[in-house]
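Sequence and predicted structure, then a few things I'm wondering about:
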Amino acid sequence: MERYLTNITESPPPRIIPGVERSRPPSYSPELATLLTSTHSRTLTKPLKHTALKNPPTLPERANPSSEEARILGPFSKRREVNIRWRYHTGEIKRTYYPLELSEPDDPEYKHNLRGTGAECLALLKEVEDLARSPLPIPGRKRDAKADTANLVTHPYQQEKFDSSLPNRFLRRRYRELLARIPILIPDKNTQYGAKTTWSPLALVSSDRNVVQYGIASEEDIDWIIKADKADKEARNKK
């Protein structure tokens with residue numbers, strides 16, 4: 001993830017506050033821009049629009065010097081603009097899933113400059129997929145202890161892969177859900193940033209990936225719910 005937070009393909013953006021080096025706005029690498037604008041790599045939030053990378057929706061219209069608000073109210077604080085841009089950037093990268101590795105492009109002749117994660121040699125994605133994969137069925141109609149033993153040696157993935165008291169089906173499902181949080185980043189010359197994302201075919205993707213999550217109820221919220229429920233029951237008993 002860390003290497004995707006730096007953009008080596010472009011020069012640093014100009015300072016918002018002249019003479020203040022730390023006032024440069026965030027710069028998005030092609031890899032990070034792809035992940036932020038893709039459904040496959042977002043948590044329970046929607047992917048960002050491409051325009052949001054340059055102009056965050058949290059930035060008021062007044063920040064545009066040519067806007068009507070800036071003309072009437074005066075220029076927007078440059079320091080506030082810097083803070084808003086970086087706060088938005090930091091918040092969105094925390095709502096993003098990151099790949100374990102950079103996959104090979106669909107077009108083998110495509111020469112790209114995308115950076116890998118540095119973990120490609122570990123084959124971590126394949127390891128998770130192997131754990132999520134169901135055991136292969138044992139071929140043949142007649143099955144006895146000797147035949148089963150021979151097949152397990154021939155097909156290692158028919159053997160149980162988990163040393164756990166939990167059911168194997170339960171554990172495989174957890175790994176399939178994990179795969180839904182591991183986007184696959186693929187170089188693609190036909191996209192805006194030179195890459196696309198997808199999921200593993202074994203990923204178990206929830207239908208509520210874009211559902212908005214609400215915060216945990218506070219003590220006041222719980223107290224209000226209890227009182228409202230009690231009042232509702234009393235009203236029904238009086239009828």
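Sure, I can see it.

Surely residue 206 is in contact with residue 180?
Yes: assessed by Cβ atoms under 8 Å, residue 206 is found in contact with residue 180 at 6.9 Å. For the C-beta atoms, the positions are set from N, CA and C on the backbone; glycine is no exception.

Settle it for me: which of those two has more neighbours?
residue 180 (17 against 10; other Cβ atoms under 10 Å).

Report pLDDT for the more buried one.
With respect to pLDDT, residue 180 scores 93.

for residue 138, same thing?
Model confidence at residue 138, given as pLDDT, is 56.

In the protein, what helix or strand scores lowest on average pLDDT?
helix 145-154 (a mean of 49; mean pLDDT, DSSP states H and E).

Skip ahead from that one and say which helix or strand is next.
The C-terminal neighbour of helix 145-154 among helices and strands, as given by DSSP states H and E, is helix 168-179.

what mean pLDDT does the following helix or strand past that next one have?
Downstream of helix 168-179, the next assigned helix or strand under DSSP H and E is strand 184-187. The predicted model assigns strand 184-187 a mean pLDDT of 96.

List the buried residues in the next helix or strand after strand 184-187.
Heading C-terminal from strand 184-187, the first helix or strand you meet, by DSSP H and E, is strand 195-198. Across strand 195-198, burial judged by 16 or more other Cβ atoms under 10 Å covers 195-197.

Residue 172: which of these is nearest?
The closest of the buried residues of strand 195-198 to residue 172 turns out to be residue 197 (Cβ to Cβ; 23.6 Å).

okay, that closest one: pLDDT?
Model confidence at residue 197 (pLDDT) stands at 96.

mind checking how far it is from residue 203?
Residue 197 is 12 Å from residue 203, where distance means Cβ to Cβ, to the nearest Å.

got it, and residue 26?
29 Å.

what do you get for residue 4?
For residue 4, the distance to residue 203 equals 21 Å [Cβ to Cβ].

now do residue 122
For residue 122, the distance to residue 203 equals 19 Å [Cβ to Cβ].

now the longest helix anywhere in the chain: how far from the chain's centre is it?
Longest helix of the chain, by residue count under DSSP state H: helix 219-238. Relative to the mean C-alpha coordinate of its chain, helix 219-238 is positioned 39 Å out (Cα atoms, centre = their mean, to the nearest Å).

For that helix, C-alpha coordinates in PDB please.
Extracted C-alpha coordinates of helix 219-238, given in PDB (Å, rounded to 0.1, in the frame of the first residue of the first chain):
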ATOM      1  CA  GLU A 219     -26.100   4.900  25.400                       C
ATOM      2  CA  GLU A 220     -28.500   7.800  24.800                       C
ATOM      3  CA  ASP A 221     -29.700   6.100  21.600                       C
ATOM      4  CA  ILE A 222     -30.300   2.800  23.300                       C
ATOM      5  CA  ASP A 223     -32.100   4.500  26.200                       C
ATOM      6  CA  TRP A 224     -34.300   6.400  23.800                       C
ATOM      7  CA  ILE A 225     -35.100   3.100  21.900                       C
ATOM      8  CA  ILE A 226     -36.000   1.300  25.200                       C
ATOM      9  CA  LYS A 227     -38.300   4.200  26.300                       C
ATOM     10  CA  ALA A 228     -39.900   4.400  22.900                       C
ATOM     11  CA  ASP A 229     -40.500   0.600  22.900                       C
ATOM     12  CA  LYS A 230     -42.000   0.800  26.400                       C
ATOM     13  CA  ALA A 231     -44.300   3.600  25.400                       C
ATOM     14  CA  ASP A 232     -45.400   1.700  22.400                       C
ATOM     15  CA  LYS A 233     -46.300  -1.400  24.500                       C
ATOM     16  CA  GLU A 234     -48.200   0.700  27.000                       C
ATOM     17  CA  ALA A 235     -50.200   2.400  24.200                       C
ATOM     18  CA  ARG A 236     -51.100  -1.000  22.800                       C
ATOM     19  CA  ASN A 237     -52.200  -2.400  26.200                       C
ATOM     20  CA  LYS A 238     -54.600   0.600  26.800                       C
END
